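[1] coords please:
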Amino acid sequence: MSTARYAISSELLQKIIKWLPKQRWFPKKGRISIEEAIEIPGEKNLLLLQLSVDGSEVFLPIILDEEKPGIEVSLIKVQDRYIYEAEFSAYYFEKLFRDEIGVLEKRGFKPLPQKIASIEALSRSSTNRLIKLNTDLGPLVAKCYRTLSSENQEPLFLSYLSGEYTPEIYAYWEVKGKPIATLMEYVKILEDAVAAFYKAARITIKRKRLQLPHEHAIRVARFVAGFHEKMAECSKAWCKPEKISINDIVDWEKRIASYENLMQRELRALNVPSIERKAVARIDEAIKILKQYSGLIKIRTHQDLHLGQIAVTQNRLFILDFEGEPLRKYRVEKEPCLRDIACLLRSLVYIAFFAHKDFLRKSNQSVFKAFIQGKAGLMSEWYQAVFDVILESYLESLSIEKVLGESLEKDEVKNLLLPWLVERSCYEFAYEAKYRPENRFIPLLGLVTF
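    Below is the predicted model:
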């Protein structure tokens, strides 16, 4: 830990540093350094902290107030002042909207509110703060980022897709070219796109016959096809389509190969040699097919487009969260559109798995073995049927030449999808092994069975 000298007291800084690891968004390990602390003048004490935590830059605005905030928050008390994250205070947003925080740069698209009647936290479990603001312009949502990164292109996506594939954006703010907050319209989300599929999977098990949510599957597929065509039309540098080069293919081959040892170790531990051979064969096949991408088109994709990222409202679908995959080192890469659709299709594996687990009421490993041993045949059939409906509807709705660069036949496109189905399963396995090891069987299932 290191600190510099600021106008605020060293006691206050020490208290804040001890309080930080208790926050949901805070990395659990790492050296903490306060790089910069800026006091913003006004009725309340507003302090902007820029931290370095294990090499990552973190932006943290905090309020120092004599009174507690109007909503439940994590706070500490130093002498006669309460200290808490500024996003839980209307005062912070009022300062932001009036351009009274000079170190922040605003990119505005619509008039901003003049008054905030109340605020509420929409999620306390996520890394970023998601705050609903009830304003004179109606309800709005502020998404506030903790990690500072120039590779966070979510505000660019939101401004480009505003009102069409995402809620309307009002403004976003940056510090030194790195996003710290976006302000969007509030939309009432009924459920995510997973819900209808999961319900159908449960009915399939209960009634012992296929229940396919055709209408929902087609709606989602057409929506994603439209999103990809929109991204293929982008003319700005960050999202302009480009030809796929040999270097791109080599990078993608290396990415898939990098997962192979990790996957093999896990499969050997399961002591099922036939499955291990099948996994290795699929990975090898995927790497070979990637060479067929040379000269096709890559676009700026979502990168983490599982079904949980698509929100269902009364009349619309919206895409959420454009921050990319958590484990990905570089989040500004362009890739074929099929990488997104592979992410979407792979999320069906999770739905089929958990629907069957709820039915069996057994461990993840037991459910995995049930699928491998052919004892979950109806769920496997359900997965494949829904997979086919989504993929066929997506390809029927997509202008293949516009998004991939050539007028390919459907069977050719389906063949090109395989590497990304394999790559996504490998990525999911690496993610689960790191964060949720009990779930690592699910992407393994996707790799060797589906």
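
[2] spatially nearest residue to residue 89 (excluding sequence neighbours)?
    Counting by Cβ to Cβ, 6 or more residues apart in numbering, residue 89 lies nearest to residue 63, which is 4.9 Å off, once chain neighbours are set aside. (Each C-beta comes from the backbone N, C-alpha and C, glycine too.)

[3] how many neighbours does the one you found have?
    22 (other Cβ atoms under 10 Å).

[4] over to the one 10 residues further on?
    When neighbours are counted by other Cβ under 10 Å, residue 73 registers 16.

[5] next one: residue 434
    Neighbours of residue 434 (other Cβ under 10 Å): 11.

[6] same question, residue 115
    Residue 115 is flanked by 11 other residues according to other Cβ under 10 Å.

[7] before we move on, the earlier item: surely the residue nearest to residue 89 meets residue 44?
    Yes - counting by Cβ atoms under 8 Å, residue 44 is a contact partner of residue 63 at 5.9 Å.

[8] shared neighbours, those two?
    Both residue 63 and residue 44 are contacted by 89, 91, under the criterion Cβ atoms under 8 Å, 6 or more residues apart in numbering.

[9] centre of the chain to the helix or strand harbouring the residue nearest to residue 89, how far?
    Taking DSSP states H and E as the criterion, residue 63 maps to strand 56-65. Chain-centre distance of strand 56-65: 23 Å, with Cα atoms, centre = their mean, to the nearest Å.

[10] next structured bit after it?
    Counting by DSSP H and E, what follows strand 56-65 is strand 75-78.

[11] pLDDT below threshold where in the stretch 301-450 of the chain?
    For the stretch 301-450 of the chain, no stretch has pLDDT under 70.

[12] kindly state the pLDDT recorded for the closest residue to residue 397 other than its chain neighbours?
    Leaving out its chain neighbours, the residue that sits closest to residue 397 by Cβ to Cβ, 6+ apart is residue 225, at 3.9 Å. With respect to pLDDT, residue 225 scores 98.

[13] same for the strand or helix carrying residue 225, what does it pack against?
    Secondary structure from DSSP H and E places residue 225 in helix 214-232. With contacts taken as 3 or more Cβ pairs under 8 Å, 6 or more residues apart in numbering; DSSP states H and E, helix 214-232 sits against helix 154-161, helix 194-207, strand 310-312, strand 317-319, helix 337-360, helix 377-397, helix 400-404.

[14] what helices or strands is the strand holding residue 63 leaning on?
    The contact analysis (3+ Cβ pairs under 8 Å, 6+ apart) places strand 56-65 against strand 45-53, strand 81-85, helix 90-97, strand 178-185.

[15] need these in JSON lines (columns: mean neighbour count).
    Formatted as JSON lines, the helices and strands packed on strand 56-65 follow (neighbours: other Cβ atoms under 10 Å):
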{"stretch": "strand 45-53", "mean neighbour count": "20"}
{"stretch": "strand 81-85", "mean neighbour count": "19"}
{"stretch": "helix 90-97", "mean neighbour count": "22"}
{"stretch": "strand 178-185", "mean neighbour count": "22"}
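
[16] out of these, which is closest to residue 418?
    Proximity to residue 418 (Cβ to Cβ) singles out strand 178-185 among the helices and strands packed on strand 56-65, at 35.1 Å.

[17] now do that closest one: distance to the chain's middle.
    16 Å.

[18] now do stretch 9-16
    The chain centre lies 34 Å from the centre of stretch 9-16; the measure is Cα atoms, centre = their mean.

[19] enumerate the positions of that stretch that are buried.
    12-13, 15-16 (16 or more other Cβ atoms under 10 Å).

[20] export it as PDB, just CAs?
    Output in PDB follows, covering the C-alpha atoms of stretch 9-16 (Å, rounded to 0.1, in the frame of the first residue of the first chain):
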ATOM      1  CA  SER A   9      -6.200  13.400   6.400                       C
ATOM      2  CA  SER A  10      -4.100  10.300   6.500                       C
ATOM      3  CA  GLU A  11      -6.500   8.800   9.000                       C
ATOM      4  CA  LEU A  12      -9.300   9.100   6.500                       C
ATOM      5  CA  LEU A  13      -7.200   7.500   3.700                       C
ATOM      6  CA  GLN A  14      -6.300   4.600   6.000                       C
ATOM      7  CA  LYS A  15     -10.000   4.100   6.900                       C
ATOM      8  CA  ILE A  16     -11.000   4.100   3.200                       C
END
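
[21] got a list of contacts for it?
    Contact partners of stretch 9-16, identified using Cβ under 8 Å, 6+ apart, comprise 3, 6, 34, 37, 49, 62, 64, 76, 78, 83.

[22] which of those residues has the largest number of neighbours?
    residue 62 leads the contacts of stretch 9-16 on contacts (other Cβ under 10 Å) with 24 neighbours.

[23] what does the model give it for pLDDT?
    92.

[24] does residue 173 have beta-bridge partners, and which?
    With DSSP bridges applied, residue 173 shows beta-bridge pairing to residue 106, residue 181.

[25] surely it and residue 179 touch.
    Yes - shown here, residue 173 and residue 179 form a contact pair, counting by Cβ under 8 Å, at 7.3 Å.

[26] overlap in contacts, these two.
    Joint contacts of residue 173 and residue 179 (Cβ under 8 Å, 6+ apart) do not exist.
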